[in-house]
Structures are given as structure tokens and as C-alpha cells.
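Q: from the sequence below, what's the structure:
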Amino acid sequence: MLLPALATPCDDSLSQQVQDIHRQLLREPLRCAHANAPQIVSWSLAIPAVEPLAVLRQVNRPELRHFYWESPARDEAIAALGTTGLTAIDAPDRFARAQAWLDEVRAHCRAGGDRPLPFAGAHFLASFTFFHQATSAYPFPRATVYLPQFHIARRGQTSVLVANFDLSTPGEPTTTLSRLDRLLATIESVRQQPAVASTTTTHFLTAPDLSFHPFVPATRAALAAIQAEQLSKIVLAQPLDVVAAGALDPIATLARLRQHYPDCTCFSLSNGRGSYFLGASPERLASIRDRHLVVDALAGSAPRGRDAIEDARFAQQLLNSDKDRREHQAVSHYLSEQLQSLGLRPQLAPRQLRQLSNIQHLWTPITAQLPAQVQPLEVVAQLHPTPAVAGVPTAAACEQIRHYENFERGLYAAPIGWLDMQGNSEFVVGIRSALLSGDRARLYAGAGIVAGSDPDREQAEVQLKLQAMLAALGLCG
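A: Below you'll find the predicted structure:
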């Protein structure tokens with residue numbers, strides 16, 4: 001997909017790097033054009049400090065596939081553009097097939113350029129729907145793993161641009177070089193601009209209905225199933241469909257999300273056909289850095305207070321709540337057991353509070369060392385879906401979710417993340433999220449139901465979460 005050409009040229013040093021890349025590519029053996037698997041050269045370039053979201057704002061178009069990821073807590077962000085290689089999987093063993101595809105591409109991928117930089121080298125982007133079954137009308141595949149044509153990443157004040165050249169397709173390296181030149185010009189034009197911000201609002205075409213008439217009866221039915229010991233916990237979600245007076249801006253939404261939720265991971269993925277799934281997730285599913293695994297047990301919620309005294313009171317009520325402690329224990333126990341089944345030795349930190357701008361949760365970080373034979377997608381497959389977004393026992397809860405919920409979860413509450421060539425990866429759970437297409441958006445939020453849950457309180461929690469997403473979308477009455 002062509003990037004827009006700008007009049008501003010890239011500086012001489014970057015132009016020289018592009019020429020050097022061209023010379024290096026000419027030396028690559030052409031026999032790979034006849035190989036069965038793609039032959040990839042992943043070239044990393046040191047670039048001046050730049051905000052990836054600012055670059056994405058400049059080049060984003062509905063027909064351009066993108067992936068955006070930002071962790072303000074880590075002071076890092078990545079924006080990926082276009083596609084060099086992709087697999088879309090519709091099968092129950094989608095995680096295993098995705099891992100096999102990754103292994104195959106990695107085996108035929110070579111690195112060049114400034115390799116010691118943070119986020120240098122090939123990075124693969126991945127998303128999996130909540131259920132492996134999904135309706136054909138849903139705009140994203142059940143499993144997608146792909147290698148972008150480019151990614152721009154920042155950690156602190158260090159930035160890198162990575163270009164992935166497919167040498168197995170005649171003419172493709174030359175095309176990628178041309179696009180690289182234009183992308184460097186774009187980077188040069190935006191790097192002196194201030195950080196992306198958005199204060200604009202979009203009015204509703206019709207006011208959204210937050211009453212959720214089916215939610216309370218579904219919660220009561222779930223409580224009856226819990227009392228009958230058919231399950232001990234279930235997470236019920238509720239969508240909210242809105243129509244805006246004009247087209248919704250996914251980049252402006254990302255800017256608001258990272259401003260409102262600096263403790264969350266902001267993400268966005270597009271399908272290259274005008275649909276975007278984005279959000280600000282407080283829940284890390286699995287983070288692997290140098291074989292060190294970190295998993296979040298996040299369950300049990302309370303609102304934030306209007307002042308410090310009320311906030312402390314809500315926090316103490318949450319810490320003392322028997323219902324929320326049991327809900328949280330179900331999640332942390334499940335995650336620990338699942339990691340043990342992979343042969344790991346998980347260590348649970350003391351339970352604590354995770355306080356966001358509009359809500360606070362009970363939180364237990366879980367850590368473990370990951371053996372070389374255990375792959376990141378094995379961990380993701382073992383953990384998804386967690387009790388924080390499904391229930392206990394998992395199979396029974398998922399069956400009941402499909403019974404009570406009359407909508408397609410899709411990527412909501414599902415694994416979204418990236419993987420690199422060294423086995424590092426980051427995956428979050430796609431909550432606090434929305435699906436955008438033109439002037440339409442579907443927002444998602446859920447609540448955990450256990451014995452002792454109050455249907456009206458759970459409905460209020462879902463409404464609180466959805467109102468936060470409405471604000472992030474810049475929607476108002």
C-alpha cells in the first residue's frame with residue numbers, strides 16, 4: 001500500500017542510509033525467489049526522535065493496515081504500517097498454527113542495519129478473537145499474525161525505523177525502498193511537531209441508550225446458575241452501539257486514550273478495509289522480556305472517589321469486599337495453575353490496588369522464568385480466556401456467555417500483542433475497547449458475576465466503563 005508522498009525531503013544522512021540498503025539488497029542471493037517460504041531482510045535504521053502516533057496520524061488511511069501499541073509506563077510506542085507477510089487462521093488450533101507460521105518466517109528472516117536499538121529487527125503483530133468461532137460478517141479474522149512492511153518505534157528518546165523487504169517477490173524490494181524514502185520524508189516533516197493531542201468532539205446522531213434492559217435479567221439468570229453450582233463465576237459483557245454525526249477519528253481517539261489512561265496500554269489495529277479495533281487495556285495477559293514472564297491477575301472493581309477521602313473509602317471497601325476478593329482469587333488461582341501446567345514455577349506478588357482514572361481494581365502480578373522450549377504463543381493459548389473475562393470453570397462459563405450474550409465478542413477481551421525474533425513479546429487483553437467503522441462505533445464493557453453479586457451494581461459498573469470509552473471517542477450529546 002503506497003504511502004503519501006510529501007514535499008519535505010529526508011536529511012542527507014537518512015538518504016545515504018537508503019542508498020546503503022539498496023546496495024546491500026543487490027548483494028542478497030536471488031535464489032530465494034524460488035524458495036517455498038518468504039525470504040525477508042529486516043533492516044533497522046536509527047532515526048531522529050519521533051512520536052510514532054504523529055507519523056501514524058500523517059499516513060493513516062482506511063485502506064492501509066496498521067497496528068499501534070503504546071505503554072506510557074514503559075515510555076515506549078510502536079506504529080506498524082502495511083504488510084510484508086500475513087497469515088489468517090480459522091481453526092480451533094489457531095495458536096499452534098500461528099506459532100508454526102512464525103517459526104517458518106523467522107527461519108527465513110535475516111537482520112541488517114542498526115540491530116542493537118530498542119525495537120530493532122522484525123516484529124510480528126498478532127490478534128485473536130475471543131472465541132475461535134465467529135460470524136463471517138465480523139471484520140477481523142479469528143487469528144491474524146503478520147509482519148508489517150514498516151514499523152516506527154520509540155523508547156524514551158531513542159527511535160528506530162524498521163523496513164521488512166520480501167526478496168521472494170520480484171520487484172518488491174524496489175517498491176519497498178521507494179516507500180521507505182517517502183516514509184522517511186514523512187518522519188522528517190513531523191518530528192518537530194508537538195505531541196498528538198485531540199480536543200475535538202463529535203456529536204451523537206442519536207443519543208445512546210445506557211439502560212441495558214437485557215443485562216440485569218441475564219445477571220440474575222447467571223446468579224441462579226451459580227447458586228445451582230453449574231459455575232462459580234461468569235463475566236457478562238454488554239455492547240453499546242453509537243452513530244456519530246460525522247466520521248470517527250481513530251488517531252484522535254488514541255490520543256485521548258493515552259492522555260486519559262497513562263497507566264494502560266493503548267492499542268489500535270486496522271484491517272485495511274476501514275475498520276479499527278482500539279482501546280486502553282489495564283490488563284496485561286503476558287509480557288516476556290529476556291525469558292522473564294509477567295502476568296496480571298486483575299479482577300474486582302470499585303469507582304474512584306470525587307476527593308481523596310472518598311477515594312480512600314472506596315479503595316478500602318474494595319480491599320475488604322468478600323465478593324471482590326473471591327472474584328480476584330479465582331483469577332489469580334487460575335493463572336497460576338495454567339502456568340504450572342506449562343512446567344513453570346509462578347511467583348505471586350502480594351495483592352494490591354491498580355488505580356486508573358475512573359476505576360480501581362484488585363491486582364496481583366505473577367512472574368515466572370520461561371524455559372527456551374516454551375514459546376510465547378503457547379503461554380497466550382494456555383492463559384486465554386482468563387477468569388477475568390470469561391469465568392470459572394472456563395468451559396462452562398464460555399458456554400453460558402454464548403447463551404446469555406446476543407452479540408459477537410470478536411476481539412473484545414481477547415489477546416492482542418506483538419512478538420519479536422528473540423522470543424520477547426507483549427500481549428494485553430482487549431478490554432476498555434471499541435470497534436470503529438466510519439461514523440459507527442460499538443463499545444464493549446463487562447462485569448464479573450459471582451455469588452453475592454448485585455445485578456444493579458454490576459450494571460452500574462458496566463455503564464461506568466462505557467461512559468469512559470464514550471469520552472475517549474470524543475462523543476457527546
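Q: roughly how far apart are the most centrally placed residue in the chain and Leu125?
A: Centroid-nearest residue in the chain: Ile416, 3.9 Å away (criterion: Cα atoms, centre = their mean). For Ile416, the distance to Leu125 equals 9 Å [Cβ to Cβ, to the nearest Å]. C-beta here means a position set from N, CA and C on the backbone, and glycine is covered the same way.
Q: one more: Pro415?
A: Going from Pro415 to Leu125 by Cβ to Cβ gives 12 Å.
Q: and what of Gln375?
A: To Leu125, Gln375 is 16 Å away according to Cβ to Cβ.
Q: in the stretch 101-250 of the chain, which spans are helices?
A: 172-190, 215-227, 250-260 (DSSP state H, counting those that start in this stretch).
Q: highest mean neighbour count out of those helices?
A: Mean neighbour counts were compared across those using mean count of other Cβ atoms under 10 Å; the top stretch is helix 250-260, at a mean of 23.
Q: and the very next helix or strand once past that helix, what does it pack onto?
A: Sequence order places strand 265-270 as the next helix or strand after helix 250-260, per DSSP states H and E. Applying 3 or more Cβ pairs under 8 Å, 6 or more residues apart in numbering; DSSP states H and E, one finds that strand 265-270 contacts strand 66-71, helix 250-260, strand 275-281, strand 425-429.
Q: rank the ones you listed by pLDDT, which is bottom?
A: Mean pLDDT is lowest for helix 250-260 among those, at a mean of 90.
Q: next one: the closest residue to Arg65 other than its chain neighbours from Glu172, what distance?
A: Leaving aside its sequence neighbours, Arg65 sits nearest to Gly272 (Cβ to Cβ, 6 or more residues apart in numbering; 3.8 Å). For Gly272, the distance to Glu172 equals 17 Å [Cβ to Cβ].
Q: give me the more crowded residue out of Gln375 and Leu125.
A: Under the neighbour definition other Cβ atoms under 10 Å, Gln375 and Leu125 were set side by side, and Leu125 has more, 24 against 19.
Q: pLDDT value on that one, please?
A: Looking at Leu125, the pLDDT reads 98.
Q: so what's it up against?
A: Contact analysis of Leu125 by Cβ atoms under 8 Å, 6 or more residues apart in numbering lists 67, 80, 144-148, 269, 417-418.
Q: how about it: what's its closest non-neighbour residue?
A: Leu125 sits nearest to Phe67 (Cβ to Cβ, 6+ apart), 4.2 Å away.
Q: that neighbour reaches Ala80, doesn't it?
A: Yes - contact criterion Cβ atoms under 8 Å: Phe67 and Ala80 qualify, at 4.2 Å.
Q: what is in contact with the two at once?
A: With Cβ under 8 Å, 6+ apart, Phe67 and Ala80 have common neighbours 125, 148.
Q: that older thread, tell me the secondary structure at the residue nearest to Arg65.
A: Following DSSP: H, G, I helix; E, B strand; the rest coil, the label given to Gly272 is coil.
Q: and what of Gly423?
A: Following three-state DSSP, we place Gly423 in the coil state.
Q: OK, contacts around it?
A: Neighbouring residues of Gly423 by Cβ under 8 Å, 6+ apart: 288, 291, 370, 372, 375-376.
Q: and it, backbone torsions?
A: phi 90, psi 0 (degrees, to the nearest 10).
Q: look up how far Thr253 lies from Leu464.
A: Distance from Leu464 to Thr253, by Cβ to Cβ: 19 Å.
Q: kindly report the same for Arg155.
A: Applying Cβ to Cβ, the value for Arg155 to Thr253 is 24 Å.
Q: same thing with Ser270?
A: Ser270 is 12 Å from Thr253, where distance means Cβ to Cβ.
Q: kindly report the same for Gly448.
A: 26 Å.
Q: next one: Gly82
A: 21 Å.
Q: quick check, the residue nearest to Arg65 in contact with Asn60.
A: No - applying Cβ under 8 Å, one finds Gly272 not in contact with Asn60, separated by 11.2 Å.
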